[in-house]
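*Asks:* A structural model of the following input is requested.
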Amino acid sequence: MPPHEQESPLMIGGQAVIEGVMMRGPHWVSVAVRRPDGTIATHTRRVDSLLTRYRPLNFPLLRGTIVLYEALVLGVQALLFSANEALGEEGGQLSGWEAGLSLSLGLVLGLGLFFVLPTLAVRLVEGWFSHPLALNLGEGIVRVALVVGYIWAIARIKDLQRVFAYHGAEHKAVNAFEGKAPLTPHAVQAYSRLHLRCGTSFILVVMLLALLLFSLLGRPPLPWRILTRLALVPVIAGLGYEVIRAGARFPWFRPLVIPGLWLQRLTTREPDDGQVEVAIAALEEVVRRERGAG
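*Replies:* Numbers count the residues shown, from 1 in each chain. Down below sits the predicted model:
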């Protein structure tokens, strides 16, 4: 769930990690992880977003790309900490370069699978489409189907279901905080595991925006077609951020993000009280630091 710039009330974002949760405010980030011995390890540090340090960057479209970049960097750092804490001394330690390499490979594979492959696949049956608009819409439908199918497939992997339960715990904790509820496992469990400002919703919005934008680009030669798809990814990501942000702030805008809430039913699971306790630990640390920093 991508964080947002400083507003009133305090806006918190986060993500699930290995046996834990990362929470982020405008200035502070905290990761809480359940260790093998049952204790909770936390790591908190100040991280001022480029958007708060350089106000001219806080511009529609541009800010979305910056938020995405920062979320990726902080996400890898949180995953590195969580993996090392969750594995314990017997599981070995994951190095920073290994985590960075995994992220880089993941990004390349993601761009290839979700942006290049649909273009190639639809081009193979180009003769089926008499109009460029139909061809591009067909490509977009294949792209959305690949994303949904991929998420459905990984949601069935047993080892990832615990991560998805922590994802649900993260959402419940933030929902409880925004609802001004006591941050206790019992109170937090009463809240929904779905949230409007979620990375899952962001991914689906990006794919739907890509479907609309790419449909207007005609039928250029294949190399140029692939290049334009990749070049426009930052633009679409920036648009996606604005849609998610507007959906969280304006009720009349929320129908545009409802499909993302449906998809979150695959990427979240109902957490147990122990997982909610971890999410609360990260959230309370961020809230304490943010309010103290003011």
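
*Asks:* which parts of the protein are helices?
*Replies:* Along the chain, counting by DSSP state H, helices occupy 50-53, 62-87, 96-111, 117-124, 132-154, 158-178, 185-188, 199-214, 222-231, 233-249, 258-267, 273-293.

*Asks:* give me the angle between the second one and helix 273-293.
*Replies:* Right, the one you point to is helix 62-87. With axes from the mean of the first three to the mean of the last three CA atoms, to 10 degrees as the basis, helix 62-87 and helix 273-293 are set at 130 degrees to each other.

*Asks:* mean confidence for helix 62-87?
*Replies:* Average pLDDT, helix 62-87: 85.

*Asks:* so it versus helix 199-214, what angle?
*Replies:* Per the same axes, to 10 degrees, the angle that helix 62-87 makes with helix 199-214 is 140 degrees.

*Asks:* who does helix 62-87 touch, helix- and strand-wise?
*Replies:* On a contact count with 3 or more CB pairs under 8 Å, 6 or more residues apart in numbering; DSSP states H and E, helix 62-87 meets strand 13-17, strand 20-24, strand 28-34, helix 50-53, helix 96-111, helix 233-249. For glycine as for every other residue, the C-beta is placed from the backbone atoms N, C-alpha and C.

*Asks:* buried residues, that helix. List them.
*Replies:* 62-68, 70-71, 74-87 (16 or more other CB atoms under 10 Å).

*Asks:* same check on the first one?
*Replies:* Neighbour-count burial for helix 50-53, counted by 16+ other CB under 10 Å, picks out Leu51.

*Asks:* ditto for the fifth one
*Replies:* By 16+ other CB under 10 Å, the buried positions in helix 132-154 come out as 135-140, 142-144, 146-148, 151.

*Asks:* can you say which of the helices of the chain is nearest to Ala41?
*Replies:* Proximity to Ala41 (CB to CB) singles out helix 62-87 among the helices of the chain, at 4.6 Å.

*Asks:* how much space separates the spatially most central residue of the chain from Tyr241?
*Replies:* Closest residue to the average C-alpha location of the chain: Gly199 at 2.5 Å, with CA atoms, centre = their mean. For Gly199, the distance to Tyr241 (CB to CB, to the nearest Å) stands at 11 Å.

*Asks:* what of Ala181?
*Replies:* Distance from Ala181 to Tyr241, counting by CB to CB: 28 Å.

*Asks:* before we move on, what about Gly168?
*Replies:* Noted for Gly168: a distance of 23 Å to Tyr241, by CB to CB.

*Asks:* roughly how far apart are Tyr166 and Ala16?
*Replies:* Here Tyr166 is placed at a distance of 4 Å from Ala16 (CB to CB).

*Asks:* how about Asp48?
*Replies:* Distance of Asp48 to Ala16, computed by CB to CB: 24 Å.

*Asks:* so these two - more neighbours on which side?
*Replies:* Remark: of Asp48 and Ala16, Ala16 carries more neighbours, 32 against 11, as counted by other CB atoms under 10 Å.

*Asks:* need the contact list for that one.
*Replies:* 22, 163-164, 166-167, 169-170 (CB atoms under 8 Å, 6 or more residues apart in numbering).

*Asks:* for Val73, same thing?
*Replies:* By CB under 8 Å, 6+ apart, the contact list for Val73 is empty.

*Asks:* that one and Met11, how far apart?
*Replies:* Computed as CB to CB, the Val73 to Met11 distance reads 19 Å.

*Asks:* next: Ala145.
*Replies:* To Met11, Ala145 is 33 Å away according to CB to CB.

*Asks:* report how many residues lie close to the nearest residue to Ile244 once chain neighbours are set aside.
*Replies:* Sequence neighbours aside, Phe202 is the residue nearest to Ile244 in space, at 5.3 Å (criterion: CB to CB, 6 or more residues apart in numbering). Neighbourhood size, Phe202 [other CB under 10 Å]: 24.

*Asks:* okay, Phe202: pLDDT?
*Replies:* Model confidence at Phe202, given as pLDDT, is 87.

*Asks:* same check on Gly91?
*Replies:* On pLDDT, Gly91 comes in at 49.

*Asks:* now do Pro220, the pLDDT please.
*Replies:* With respect to pLDDT, Pro220 scores 87.

*Asks:* ugh, wrong one, I meant Ser95
*Replies:* At Ser95, the model reports a pLDDT of 59.
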